[in-house]
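Undergrad: need coordinates for the below:
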Amino acid sequence: MTNSIQPYITKDEPFGPIDSTDIDAKDVNALEKLFEQHNRIYKHLHHRPSIIMGRKGSGKTSYLRTVFFDKKYDYFTEIRTAHVLAHISKVIQGMTKDVVFPETLSELWEMILWICVLSEIRKYTLLPQDKLSLVSVYLEKVGVRDTSTVDDVLWKLAGIFDQVMAEHPNQGITEILRHFDRVTFDNTTLAVVDSLKSSDKKFVILMDSLDDFQLDIESVSNSLKGLLKFVGSMNKPRDVVDIRFCLPTELYRRIIKISSNPNKDFRRALKLQWTASELILIGAQRLRIYLELYYPDYLKRLLPLDPTKRSDAIFLFNAVLPKSITNYSGFQEETISYILRHTQLLPRHFLMLLNSIFRSTNGLQSSNPFPVSEARIISGIRQVEERIVTEIFVAFKLIHPSAEEVCKRCLPELGHKFSVGELHKIYTQRGKAVFDGENLFEFQRMLMEIGAMGRVKPGKATEVYIQGNFEYTVAHEIAISHDDELCIHPLFSGIFGNDTKDRPVYPYGSNLDDEDYRENFE
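TA: Here you go, the predicted model:
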């Protein structure tokens, strides 16, 4: 294990990369060892979702890449989503006079992605000679036979699109579909499906999410509409060719309006939402590897240990962290809860904080640095919470472009807990001038959607903390009445707060003893 893991678990990054793409796809052992499988989300992956949805940092790409090691699929191809989306959008953009139906665009997506499958599957020994010849003849007919990679296929298809559009500018998609020859296409794909079924093999198409879908461009929205329709038709019980397409939850309400039939398009979607207990298992798995590599004697004193069990995972963290910590407001709280409440229950947030807390200072560290000091924990969180908040702003930029400026101007004027009336006053005095929306309701919606503001849970406050509900733990919008009390998320109060000595806010779900909030809406 040491040889494959050590490049990724270092004293500078004790909990490893926060982005799974930093792990080389060839390091399959490292990918598997750094992927925590003992959670409900991974179990639901076995239901073969066609769409994997989650916020930035929720692990979408990690779940996409489980096919590298979990043996659920025998063959796969990775498609650069931006590449294909751009080409199809360009075709649509050239058809300024014609109405383009979602069904037509779905068919175009089907043919493009299946041609990528055909190009990949012929590299293996799966197909008998007659069916291999059938595939080769079809690929030659559409002009992509002499290609070695999926990117080569897509570039050749792009050239074909350009040529067809130049010759038939007003009937581009129709002519492209005619070029693909539906009858021969169906016969060829059926031959591949029969071979997969007879060999008891499965194939999956992988399409990662984009940082910027550019949904304001009509041709892109139409292209995505067709893709959603195709994806929604995939992964049926008897299918042997599946698709996994990643989408950002931050844009869900916008994307759902683009879909021509949300109930069908999203019927096999998996939403990545995490509990505090599951994040602890992710952290404990990597903490054990870190100790095994750099502090083996200390780890031996803690054995036997199974970090896939919640009790052992908590025990492991308690062995390297102080049990409690005094926060900036002077209140004592459990250390692990203090760290977790500075996340939005996303694996990337948690790993960023842990890397910062445990990172070796200037490469120097004592032979036994445990438990980590309170000062180092507080400093470690302070050092990365601004990066976390910035990433949240970036993720929501398409739908809330003024969010960062609004928070800079308004949040310093609010305490940890405040009334709707106080928020209205701050909106009028400071927020309205920079907010890109039209009214107080939209202002509230923005703060709730990005997770900067939550609704205080009545009767749940204690002498130590205020408990609030935040939208990233629910499947719907949190409605606000005039009598509700509101609160600021610790990440945002840490960056934009006014150094108030108010009790800290505990987002519901960040305490290890909180119920699994997902049970409330499944």
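Undergrad: drop to CA atoms for contacts and neighbour counts, all remaining ones
TA: OK.
Undergrad: OK, contacts around Thr188?
TA: Residues in contact with Thr188 (Cα atoms under 8 Å, 6 or more residues apart in numbering) are 131, 134-135, 138.
Undergrad: wait, I meant Gln93
TA: Ser219.
Undergrad: so for whichever strand or helix holds it, mean pLDDT?
TA: Taking DSSP states H and E as the definition, one finds Gln93 inside helix 81-94. Across helix 81-94, the average pLDDT comes to 84.
Undergrad: buried ones in that helix?
TA: Residues of helix 81-94 classed as buried by neighbour count (16 or more other Cα atoms under 10 Å): 81, 84-85, 87-94.
Undergrad: returning to that earlier point: I'd like the contacts of Thr188 laid out as CSV, including pLDDT and distance to Ala479.
TA: CSV is the format used below for the contacts of Thr188 (pLDDT from 0 to 100; distance: Cα to Cα, whole Å):
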residue, pLDDT, distance to Ala479
Lys131, 96, 58
Leu134, 96, 58
Val135, 96, 55
Tyr138, 96, 55
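Undergrad: kindly reformat those as TSV containing secondary structure and distance to Ile450.
TA: Compiled in TSV, the contacts of Thr188 are given as follows (DSSP: H, G, I helix; E, B strand; the rest coil; distance: Cα to Cα, whole Å):
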residue	secondary structure	distance to Ile450
Lys131	helix	51
Leu134	helix	51
Val135	helix	48
Tyr138	helix	48
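Undergrad: highest neighbour count among the residues you listed?
TA: When neighbours are taken as other Cα atoms under 10 Å, the top entry among these is Val135 (26 neighbours).
Undergrad: how about that residue, nearest residue that isn't a chain neighbour?
TA: Nearest residue to Val135, sequence neighbours excluded (Cα to Cα, 6 or more residues apart in numbering): Thr188, at 6.0 Å.
Undergrad: Leu215 too?
TA: Leu215's closest residue in space is Ser221 (Cα to Cα, 6+ apart), at 5.3 Å.
Undergrad: low-confidence stretches in the stretch 1-150 of the chain?
TA: Flagging of the stretch 1-150 of the chain using pLDDT under 70 yields the residue ranges 1-2, 95-99.
Undergrad: any chance you could map the helices in it?
TA: 2-5, 28-33, 40-45, 60-64, 81-94, 102-121, 129-142, 150-167 (DSSP state H, counting those that start in this stretch).
Undergrad: tell me which element the nearest residue to Trp114 once chain neighbours are set aside is part of?
TA: Once flanking residues are discounted, Trp114 sits nearest to Thr189: 7.6 Å by Cα to Cα, 6+ apart. Per DSSP H and E, Thr189 falls inside helix 182-198.
Undergrad: distance from the chain centre to the very next helix or strand once past that helix, please.
TA: Per DSSP H and E, helix 182-198 leads on to strand 203-207 as the next helix or strand towards the C-terminus. Relative to its chain's centre, strand 203-207 lies at 17 Å (Cα atoms, centre = their mean, to the nearest Å).
Undergrad: same question for strand 203-207, mean pLDDT?
TA: 97.
Undergrad: list the buried residues in the helix or strand just after it.
TA: Using DSSP H and E, the next helix or strand after strand 203-207 towards the C-terminus is helix 218-232. For helix 218-232, burial by neighbour count (16+ other Cα under 10 Å) applies to 219-232.
Undergrad: adding distance to Ile258, write the helices of the stretch 1-150 of the chain out as CSV.
TA: Converted to CSV, the helices of the stretch 1-150 of the chain look like this (distance: least, Cα to Cα, whole Å):
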stretch, distance to Ile258
helix 2-5, 42
helix 28-33, 35
helix 40-45, 25
helix 60-64, 21
helix 81-94, 14
helix 102-121, 10
helix 129-142, 31
helix 150-167, 24
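Undergrad: which among these is found nearest to Phe350?
TA: Of all the helices of the stretch 1-150 of the chain, it is helix 60-64 that lies closest to Phe350, at 15.3 Å by Cα to Cα.
Undergrad: wait, which of the helices of the stretch 1-150 of the chain is closest to Tyr294?
TA: Among those, helix 2-5 sits nearest to Tyr294 (Cα to Cα), with 10.7 Å.
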